[in-house]
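Colleague: no FASTA, just this:
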């Protein structure tokens, strides 16, 4: 049976029913294979984002390594706060100052070396609460949904507020999503020449465009994919515009919002937008828009694999 | 036999031999499927770019339609020159002024409406010299090469100096390359709300970043694909950096340059860079770098399908 970790609820029926409808060759709602595009948020949608984003854990880990070799760096108050409290340091320092420290960590580094740093860190990572590596933080029901979509001819893309090079270094192994199918926030990368006059790329110490949250998710989906999705899955206010854009497709669409209501097996919290903490709750938007809301507690028989 | 429109020359042997080497499971040169990425330039590499770029023909056609309904536009000297002489009007007017007229044509238009304008134009297009629609301007040997690469597990991307939304509107039908697998030059596209508060996209009257030629091809390959290719095919100085970047892969790579030396069946000309007309000839770079040079005249038994 498909979606084995999904309980036999109305939510599951809505997802399965949609896929049946749009793939019925003679049906009114049939969508050609070329238009079967699905977009998934990552943090809090495909993998657990609590208590801190995995990307923050990576950056703090890198900061620790760097500080151990650089006493002047280690003594800066913002660095000491980051190493002691992680992103909670944002309570005592302006976000700009924190971002500067974290972005500077890999300025001057090639994308290849950056990807290696990510996979090296990931190989040693264990979640404090669950004791698992990163793969253990991926929602098993979501992996099943990715597989079911692909069985129905979909191409699946990740559209994350996280750093695109960070997610790309992990997405093939965790989700079967190749780097070209990941859209995300990015630093500027420039071309340079090495000693042998060969072409290389170098990460710069500055952000490329706005963070990939909210309206930029829609703009970047167009820039990178060039097509409007018909399936979108998200969990925070930063996914709202992407869901609305998908909802406006000329084809029948499926918009899914994940509700983190399971403190026992994961976490219970209301997801906010990273860039606009005061934005309307996505659950309220979903209710008004007749989107499918997935209750982690009620709709999933298990959360992790 | 594979590559039926390629003659039995050393060029063909180099291409076929490379593909055999990197797919031999126990060979020293084996490349995992996930890393088999090929990038192709479009104008002059996949389809004929002479006497004018097909995209220029599209824009002049659109300018004609617009001028017929707008006498004030029709009377502007730059517009009259464009309608009379096409891009040769650049001899009498600054390129900036010409670009402004052409970009303004679709400012305020949605990407969907733009794509429809492209396919409408393409449906009626006939090449003056060959009398064919656009599909007749595609090089049959290159379509065979795309097919052979895919048979060997490659994913094939187009990296064009042309407008990305223009090429995306045609690439699935002409090349079997879906929109997300096209990298190109772009105008800024912004998100907006329609009367019903739905999310829509609107093309703006300004260019997004530098044209996708030279070093920007490398930067944009990283931004959109996130991986370094192992096969690159091009024909002009604007493809040089993309070829060098591919050449620098840690895997065995294949760099191919198409030489337009067949005035009888196509055109004979030295391809220059669009952004730097004084750049070194790509054929000279290819000779120095030991890349594979394809002579259209000698290596292909036919040019068009």
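Modeller: The structure has been received and is ready for your questions. None of the values given here were measured: they were computed from a predicted structure.

Colleague: Residue A:194 reaches residue A:110, doesn't it?
Modeller: No. Look at residue A:194 against residue A:110 with CB atoms under 8 Å: they stay out of range, at 9.6 Å. (C-beta placed from N, C-alpha, C; glycine too.)

Colleague: Kindly point out which residues are neighbours of both of the two.
Modeller: Residues touching both residue A:194 and residue A:110 (CB atoms under 8 Å, 6 or more residues apart in numbering or on different chains) are residue A:200.

Colleague: More neighbours: the two, which one.
Modeller: Neighbour comparison, residue A:194 and residue A:110: the larger count goes to residue A:110, with 16 against 11 (by other CB atoms under 10 Å in any protein chain shown).

Colleague: Could you measure from the more buried one over to chain B?
Modeller: Going from residue A:110 to chain B by CB to the nearest CB, to the nearest Å gives 10 Å.

Colleague: And the strand or helix carrying residue A:11, what does it pack against?
Modeller: Per DSSP states H and E, residue A:11 falls inside helix A:10-23. Under the contact definition 3 or more CB pairs under 8 Å, 6 or more residues apart in numbering or on different chains; DSSP states H and E, helix A:10-23 sits against helix A:140-151, strand A:254-259, strand A:292-295.

Colleague: what's in contact with the last one?
Modeller: Taking contacts as CB under 8 Å, 6+ apart, the residues outside strand A:292-295 that touch it are A:11, A:14-15, A:254-259, A:261-262, A:283, A:286-287, A:300.

Colleague: Okay, buried residues for it please.
Modeller: By 16 or more other CB atoms under 10 Å in any protein chain shown, the buried positions in strand A:292-295 come out as A:292, A:293, A:294.

Colleague: what residue lies at the spatial centre of chain A?
Modeller: The centroid of chain A falls nearest to residue A:42 when counting by CA atoms, centre = their mean (2.0 Å).

Colleague: Identify the spatial nearest neighbour of that one, chain neighbours not counted.
Modeller: Nearest non-adjacent residue to residue A:42, counting by CB to CB, 6 or more residues apart in numbering or on different chains: residue A:160, 3.9 Å away.

Colleague: Name the residues that touch stretch A:106-113?
Modeller: If you take CB under 8 Å, 6+ apart as the criterion, stretch A:106-113 is touched by A:62, A:114, A:117, A:165, A:187, A:189, A:200-205, B:222, B:226, B:228.

Colleague: do stretch A:137-144 as well
Modeller: Stretch A:137-144 has contacts (CB under 8 Å, 6+ apart) with A:2-6, A:40, A:45-48, A:54, A:127, A:130, A:174-175, A:233, A:299-300, A:302-305.

Colleague: 7 Å - rerun?
Modeller: With contacts defined as CB atoms under 7 Å, 6 or more residues apart in numbering or on different chains, stretch A:137-144 is touched by A:3-6, A:46-48, A:54, A:127, A:174, A:300, A:302-305.

Colleague: Distance from the chain centre to it, please.
Modeller: With CA atoms, centre = their mean, to the nearest Å as the basis, stretch A:137-144 stands 13 Å off its chain's centre.

Colleague: in it, what's buried?
Modeller: Residues of stretch A:137-144 classed as buried: A:137, A:138, A:139, A:140, A:141, A:142, A:143, A:144 (neighbour count, 16+ other CB under 10 Å).

Colleague: Tell me the confidence at the residue in the stretch 201-305 of chain A that chain B sits nearest to?
Modeller: Nearest to chain B, among the residues of the stretch 201-305 of chain A, is residue A:226, at 3.3 Å (CB to the nearest CB). pLDDT, residue A:226: 97.

Colleague: and the gap between the nearest residue to it once chain neighbours are set aside and residue B:151?
Modeller: Nearest residue to residue A:226 in three dimensions, chain neighbours excluded: residue B:179, at 3.3 Å (CB to CB, 6+ apart). According to CB to CB, to the nearest Å, residue B:179 and residue B:151 sit 23 Å apart.

Colleague: now residue A:90
Modeller: In terms of CB to CB, residue A:90 sits 52 Å off from residue B:151.

Colleague: Also residue A:145?
Modeller: Distance from residue A:145 to residue B:151, by CB to CB: 31 Å.

Colleague: So the two - more neighbours on which side?
Modeller: residue A:145 (25 against 11).

Colleague: what's near enough to touch that one?
Modeller: residue A:3 are the contacts of residue A:145 under CB under 7 Å, 6+ apart.

Colleague: go again using 8 Å as the cut-off
Modeller: Residue A:145 neighbours (CB under 8 Å, 6+ apart): A:3, A:15, A:233.

Colleague: What pLDDT is listed against it?
Modeller: Confidence at residue A:145, expressed as pLDDT, is 98.

Colleague: tell me, how many neighbours does the residue nearest to residue A:226 end up with?
Modeller: Residue B:179 has 22 neighbours, counted by other CB under 10 Å.

Colleague: Nearest residue to residue A:78 in space, please, no chain neighbours.
Modeller: In space, and not counting its chain neighbours, residue A:78 is closest to residue A:93: 4.8 Å by CB to CB, 6+ apart.

Colleague: Please, which helix or strand holds the one you found?
Modeller: Of the helices and strands defined by DSSP H and E, none includes residue A:93.

Colleague: Nothing else from me, thank you.
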